[in-house]
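Undergrad: please find the sequence and the predicted model below.
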Amino acid sequence: TTTNMMKIALIVLCLAAMALADIKPVPLLLRSNVVNIDEDGAHSMDIEVDNGVSFQLSGRQGENGGANMIGSYKMLNAEGELVDVKFVANEFGFQPESSLLPVAPAFPHPIPQFVLDQIAFAEQQRLSQSKEQ
């Protein structure tokens, strides 16, 4: 029947896809050290695999119930190169640092003096109005 033919075609396509797939070996775990949360809320983790990928973090329970962590990880990019990322995670969010992350461009030109004068004038007006109230 048509249903059986479709099932067979699907199975053949799946087998062909598996045969053509780029099969990569599973990375071997070189180091794994995990310290679970202690009575003070401190914890740490250190993992490394044989392809250079690694992950380290240490943290502590935050004052407001969140967690404060610092750490780093190395990962492979699309070109197969190792990329290093350092991070802080706390009540202000996840804050990564890496040479891969974009940086805002420098301001293209200096701010004209008349603009700076206008900003200073507006601030003086704001201060004088707040004193009058």
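TA: Nice, I can see it. Numbering: from 1, shown residues only.
Undergrad: which residue is nearest the middle of this structure?
TA: In the chain, the C-alpha nearest the mean C-alpha coordinate belongs to residue 96, at 5.6 Å (CA atoms, centre = their mean).
Undergrad: looks to me like that one is in a strand.
TA: Yes: counting by DSSP: H, G, I helix; E, B strand; the rest coil, residue 96 is located in a strand.
Undergrad: Three-state assignment for the spatially closest residue to it that is not a sequence neighbour, please.
TA: Using CB to CB, 6 or more residues apart in numbering and skipping the chain neighbours, the partner closest in space to residue 96 is residue 87 (4.6 Å). No exception for glycine: its C-beta is placed from N, CA and C like everyone else's. Assigned by three-state DSSP, the conformation of residue 87 is strand.
Undergrad: was I right to think residue 87 contacts residue 101?
TA: No: Residue 87 is beyond contact range of residue 101, at 10.8 Å (criterion: CB atoms under 8 Å).
Undergrad: compare the two (neighbour count), which wins?
TA: Set residue 87 next to residue 101 and count neighbours by other CB atoms under 10 Å: residue 87 wins out with 15 against 8.
Undergrad: tell me the confidence at that one?
TA: As predicted, residue 87 sits at a pLDDT of 91.
Undergrad: what about it, distance to residue 126?
TA: 39 Å (CB to CB, to the nearest Å).
Undergrad: cool, residue 74 as well?
TA: Taken as CB to CB, the span from residue 74 to residue 126 is 50 Å.
Undergrad: settle it for me: which of those two has more neighbours?
TA: Taking neighbours as other CB under 10 Å, residue 74 and residue 126 compare with residue 74 leading, 16 against 10.
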